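K.L.:
would you be able to build a 3D model of this:
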Amino acid sequence: MSVYEAIRTRRDVRAEFTGTPIDDATLWRILEAAHRAPSVGNSQPWDFVVVQETATLSAFAAHVAQKRLEFARSLPPERATTFAPIKIEGITESGTGVVVTHDDARGGPHILGRATVAETGLYSTVLAIQNLWLAATAEGIGVGWVSFYDPLHLATLVGLPADIRPVAWLCVGPVHEFQQVPDLERFGWRARRPLADAVHQETYRR
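P.N.:
Got it, this is the predicted structure:
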């Protein structure tokens, strides 16, 4: 699969996991791709906590379900109706969670390239997530990014030190298929912007 094809077919997977755990060799290839991401000052500020214990997966799924309910209750009625059928996680169905973390102190106090834009460290960790996602897509493996959680709850669940930040819980596993149209478009939550609306020449225009 070309990188362009991986980008085109990549989906935030929720309901399509087969329930079969990812094999170790494939998982390590995907993590290797993530670990090869570029990083500011070669700081490599990421780590990957692989979670496969049934009890941990179930506990996190219950926490996410509660956060989903809180979000649904905050929506106006018409948006709540649109949101209702959208599945937001596949934590137990995927069988594997990869918690991607960020260590802002990795690399020491003088990180080449981060002196004026401190966020470049965090951006580096997000690039590792994108590498992981595209590699998984090329392998026919689904990835779902879960963002309905309290960061402190997740940090406690997987034993993160106080100075390590959880950036993402990624559900990772084999899928029946990749949806042709992303879920949020299929269910009418929001359409994709045309590229022409996102490209500006010389200066930003509204």
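K.L.:
who's in contact with residue 185?
P.N.:
Taking CB atoms under 8 Å, 6 or more residues apart in numbering, we find residue 185 in contact with 191-192. C-beta here means a position set from N, CA and C on the backbone, and glycine is covered the same way.
K.L.:
the helix or strand containing it: how far from the chain's middle?
P.N.:
Taking DSSP states H and E as the criterion, residue 185 maps to helix 183-186. Distance of helix 183-186 from its chain centroid, counting by CA atoms, centre = their mean, to the nearest Å, is 17 Å.
K.L.:
kindly export that helix (C-alpha atoms) in PDB.
P.N.:
Extracted in PDB, the C-alpha atoms of helix 183-186 (Å, rounded to 0.1, in the frame of the first residue of the first chain):
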ATOM      1  CA  ASP A 183     -18.200   7.800  10.800                       C
ATOM      2  CA  LEU A 184     -18.600  11.500  11.600                       C
ATOM      3  CA  GLU A 185     -19.500  12.200   8.000                       C
ATOM      4  CA  ARG A 186     -21.700   9.100   7.600                       C
END
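K.L.:
ok, then the element right after it?
P.N.:
Going down the chain from helix 183-186, the next helix or strand is helix 195-198, by DSSP H and E.
K.L.:
ok so, going back, mind listing what's buried in the helix holding residue 185?
P.N.:
Buried residues in helix 183-186, counted by 16 or more other CB atoms under 10 Å: residue 183.
K.L.:
please renumber the chain so that the first residue is 726 from this point on.
P.N.:
Done: numbering now begins at 726, and the last item shifts to helix 908-911.
K.L.:
next, residue 930: phi, psi?
P.N.:
For residue 930, the backbone dihedrals (degrees, to the nearest 10) come out as phi -120, psi 150.
K.L.:
any idea of the pLDDT on it?
P.N.:
Listed pLDDT for residue 930 reads 88.
K.L.:
helices along this protein, start to end?
P.N.:
Here the chain has its helices, by DSSP state H, at 728-734, 749-760, 779-799, 802-808, 816-819, 845-863, 876-882, 908-911, 920-923.
K.L.:
let's have those helices in a markdown table, adding distance to residue 893 and mean pLDDT.
P.N.:
Shown next, in a markdown table, are the helices of the chain (distance: least, CB to CB, whole Å; pLDDT from 0 to 100):
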| stretch | distance to residue 893 | mean pLDDT |
| --- | --- | --- |
| helix 728-734 | 19 | 93 |
| helix 749-760 | 11 | 98 |
| helix 779-799 | 13 | 94 |
| helix 802-808 | 21 | 90 |
| helix 816-819 | 13 | 94 |
| helix 845-863 | 6 | 96 |
| helix 876-882 | 10 | 97 |
| helix 908-911 | 17 | 75 |
| helix 920-923 | 24 | 92 |
